[in-house]
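>>> Have a look at this fold, sequence not included:
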């Protein structure tokens, strides 16, 4: 007779959270070789509008061209590397001009002027367009690919079953109502792990537990770029606000089940999507160091609501800001604990399955399985 | 006929003071594999009392159990690593609870509660106690061993001839009267070296030279974990205070010779012990970087004195604070000089024998002799 | 028939601007093994006068001896390494004394006192003079050699054709009128490159373009330690000030051509020399990190002018301070752009020949050609 010893699945070794070299390698894989969400198209509604984004120490200019197409340029002149633009956002008036020697590019990235270079033998304008990062739009969300491959991978393939899952929310129609930026002293994966289980909710989020039963979570099987599921709302609760009530209409297009649930999905590597019956929250995750992460949290509403007199995003924002801060605090304590020499991998409960799935996705991507 | 050239003994090569890798290796040996003094038992007099200590980037919870025994726990939950406690000191009310998922530990470190883990196959509470660092008490001083060996070495053996040398001071009876914390931009060894010779006293400490003849030093032969000796007091000087006088009684138990001397011992790696006729000063040394060290200086008095109306520690503290600051300043200048590319080992005088002994202890421990 | 494709010369690979290891190696070559300008002799006019300089994390004491000779000492006692002096400048009164154990050195660097060392077997005073860095003076400019070789290379050889080029300006007679110190977030080479072309002048320096035609530059062929040339002044412009006018006399000794031009020379590694008809500006360059550089900008005038009632350096200083700040700003943007992962070497115009020359000097010195 044979005895089989079952052991709990455990957390990752310490280096995944505290080693600067590992961090560089891991973020290079997940942020340098996957499509990364950098914001929303409604940040740059008109031709010439641009926004500057800082991703993995890289300065990017996301620009809407005269042809309405959105392109992302590395913020570096082809002449002597100079950063072209220091503004966080704004509008280019017909051209992008380098402040050093006045090299000039079209808003589509072509070099159109380079003073005195015509006297330089062998110089051809067409050889020196701005370096570009492939850019795609999904449901109003902007995705950029930082890798320098000739041919980028498919965003559609990366999104997988997520591509059409949120059709009913018509996210591309929604508009920004509120933005909150957080700087967190924790590894980027700890943000996603914290997002992927509600076992901590009764301890950490008493206010949340009043709106949504913490054991109501129902997760989809994880995919290579997706972790998530949904939770139901308590009877009498219409949405996630401090009071559980709202004067906002449900988002048009939702079915009855969608009106009674909040959906929480992590679209790896860096978009967390929380859809509510009447608004959508996106969190984009920006790693800064192995123990430091920026999170940009945005609240998106239906334009009809935004136009109503007396519209406010604060009822939703106040609730989530409170909840987020509670999450960041425990994530920071987690980070510190992972840095202990005594740390050894700990046991996941069966309610932390998505965390184990994330760990496997990370180790597989790094060839460490 | 043969000529023998005698050369002076010299200081260590520069890397011992300015190389980050060497620092990591050296502190791992001296602070990671030796018993380290982290404070005094009277900081946590009652069951449940705890104090948090940061040693080599490690957060430690030193806790007095219900059984009065003092234990040191790594401040990291066995579930997902989370730091259990952010307070500097306080009292646990019967249990230590993780703020993330409410895992609960007894004050002796056993896991007593882990919500929902009972549903996880293979999970057993007894497998996940808090990680513990061996802890011992000597004369009221708390020693912790950070190494992760199965069996820690003997503290008694480390103390060697020091173990009973201070019996007459009855240090375990003394109580804290004053604490001063210093942050010093110098290598940890420079603090000990400065402590181990008084050749600098006439230049650096004019006030000290008035109380104690700087050439009166009389050192014991060095041991692997001990460097030190004693100095006498000038005639008419009762103790080390700004005036040289005190209203405090001599510590009970001292013999006549002990009442006329101050004893200065470095108990390696990190406890400096200055015993006076009427009080004891401890300095604990906490390395922070190759060029940065924290020193916690504490003044301990007989409880009868502490109870007297009008008791003050300031006469002793004022004198030593002045002297300490003079020492830290020259130690910082020494640190800067060791960082010069022109630095070459310099000659020790015969009055700096303990410094050479310390150097030999360090090189021997690192296998560099 | 053969087709030859001409390609423009291009900028250096990214590592020359963003790699900490490369930076250490490069500065060790250029600042550790070449003569470096650290200031002017008129900073220390009298015996005993000293000035402390920080070069490559090295603290140096430049001292005028009783014999009027200027020597540079490493600021580190030969006993236990202690920094001898914390003051930025001052006057030694007959001796240099260590603040730790009172070792005393003559102003020529000889050890003259070492308390209690006479009791130490084998100790001889003459064995322990201060470590010295070779020091030479050229036209009032102080040059120091940090290398620890037995025999330093020849400064005269390093200066090459520069040695007598500025004879007419009689720079050794000039005296300091104004100093401005800048901290710049850019690699040290970017400062020199910016100095070595005026193609950016119409874009970056509208005020300068009014005084001096930006295409009037006429460069000498580059040497191993020299890059430079001259630009003419617009008709009616007497010198570089905000107004283009000045009440100062021309420097005595200049010929007619020298009165109508400004000469801009980079004397590698770190002295930029801008000679004007009536004053001379020196910039010394002090690398602090691969992306950080200190520049000390000084304005030197004829002593007759300095003595005149109502003398001011501000007309010249105001103009160059404005221009410098414009230059540092674009240099910082260049630095940021070189740090982009998308950066690839860009094409130099034929008006940026000196920049290409500098790049070749650097790669040759590092054996990378």
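Yep, it's here. Because the structure is predicted, anything quoted here is derived from the model rather than measured.

>>> Report the beta-bridge partners for the nearest residue to residue A:160 once chain neighbours are set aside.
Ranked by CB to CB, 6 or more residues apart in numbering or on different chains and with sequence neighbours excluded, the top spatial neighbour of residue A:160 is residue A:223, at 5.0 Å. C-betas here are computed from N, CA, C, even on glycine. Each beta-bridge partner of residue A:223 is listed here: residue A:226, as defined by DSSP bridges.

>>> Can you give me the distance of residue A:223 to residue A:358?
In this structure, residue A:223 lies at 11 Å from residue A:358, with CB to CB, to the nearest Å as the measure.

>>> Same check on residue A:314?
When CB to CB is applied, the distance between residue A:314 and residue A:358 equals 32 Å.

>>> Who has more neighbours out of these two?
For residue A:314 versus residue A:358, the count of surrounding residues by other CB atoms under 10 Å in any protein chain shown is larger for residue A:358: 21 against 14.

>>> Pull out the buried residues from stretch A:308-321.
Of the residues in stretch A:308-321, those buried by neighbour count under the rule 16 or more other CB atoms under 10 Å in any protein chain shown are A:313, A:315, A:316, A:317, A:319, A:320, A:321.

>>> next one: stretch A:21-38
Neighbour count says stretch A:21-38 has A:22-23, A:26-27, A:30-38 buried, by 16+ other CB under 10 Å.

>>> ok, and what's touching that stretch?
With contact meaning CB atoms under 8 Å, 6 or more residues apart in numbering or on different chains, stretch A:21-38 is reached by A:15-16, A:53, A:55-56, A:60, A:62, A:72, A:136, A:141-147, A:152-153, A:155, A:158, A:187-188, A:225, A:267-271, A:282, A:284, A:287, A:289-290, A:362, A:365-366, C:341.

>>> Quick one: mean pLDDT for the strand or helix carrying residue A:36?
Residue A:36 is part of strand A:35-40 when elements are defined by DSSP states H and E. When pLDDT is averaged along strand A:35-40, the result is 98.

>>> Adjacent strands (with direction) for that strand?
Each strand paired with strand A:35-40, and its direction, by DSSP bridges: strand A:141-145 (antiparallel).

>>> List the contacts of the helix or strand following the partner strand.
Moving toward the C-terminus from strand A:141-145, the first helix or strand encountered (DSSP H and E) is helix A:155-159. Identification of contacts with helix A:155-159 by CB under 8 Å, 6+ apart yields A:34, A:35, A:136, A:138, A:143, A:145, A:163, A:225, A:226, A:267.

>>> What is the nearest of the residues you listed to chain C?
Looking at those and their distance to chain C, the nearest is residue A:145, at 12.2 Å (CB to the nearest CB).

>>> Spell out which residues of the stretch 151-300 of chain A are next to chain B.
Of all the residues in the stretch 151-300 of chain A, those in contact range of chain B (CB under 8 Å from any CB of the partner chain) are A:193, A:199, A:200, A:202, A:203, A:204.

>>> Buried ones from those residues, can you make that a PyMOL selection?
Only the buried members of these end up in this PyMOL selection, burial being decided by 16+ other CB under 10 Å:
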select buried, chain A and resi 193+199+200+203+204
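
>>> For the residues of the stretch 151-300 of chain A next to chain B, which two are the farthest from each other?
Distances among these were taken as CB to CB; the most separated pair is A:193 and A:202, at 17.7 Å.

>>> What residues sit buried inside stretch A:321-334?
Taking 16+ other CB under 10 Å as the neighbour-count basis, stretch A:321-334 is seen to contain the buried residues A:321, A:323, A:324, A:326, A:327, A:328, A:329, A:330, A:331, A:332, A:333, A:334.

>>> and the two most separated of those residues?
Comparing all pairs in those by CB to CB, the longest separation belongs to A:321 and A:334, at 20.2 Å.

>>> Could you pull up the residues touching the residue lying closest to residue A:212 once chain neighbours are set aside?
Taking CB to CB, 6+ apart, and ignoring the residues beside it in sequence, residue A:212 has residue A:231 as its nearest neighbour in space, at 4.9 Å. Contact criterion CB under 8 Å, 6+ apart gives A:198, A:212, A:213, A:214, A:216, A:217, A:218, A:261, A:262, A:264 as the residues in contact with residue A:231.

>>> Not counting its neighbours along the chain, what's nearest the fourth one?
Pointing back at residue A:214 there. residue A:201 (3.9 Å).

>>> contacting residues around that neighbour?
By CB under 8 Å, 6+ apart, the residues touching residue A:201 are A:208, A:209, A:214.

>>> Where does the last one fall, secondary structure wise?
Yep, that's residue A:214 we're talking about. Applying DSSP H and E, one finds residue A:214 in no helix or strand.

>>> what's the neighbour count on it?
Using other CB under 10 Å, residue A:214 has 17 other residues around it.

>>> In stretch A:339-357, which residues are buried?
Neighbour counts over stretch A:339-357 (16+ other CB under 10 Å) mark A:339-343, A:345-349, A:351-357 as buried.

>>> No more questions from me, cheers.
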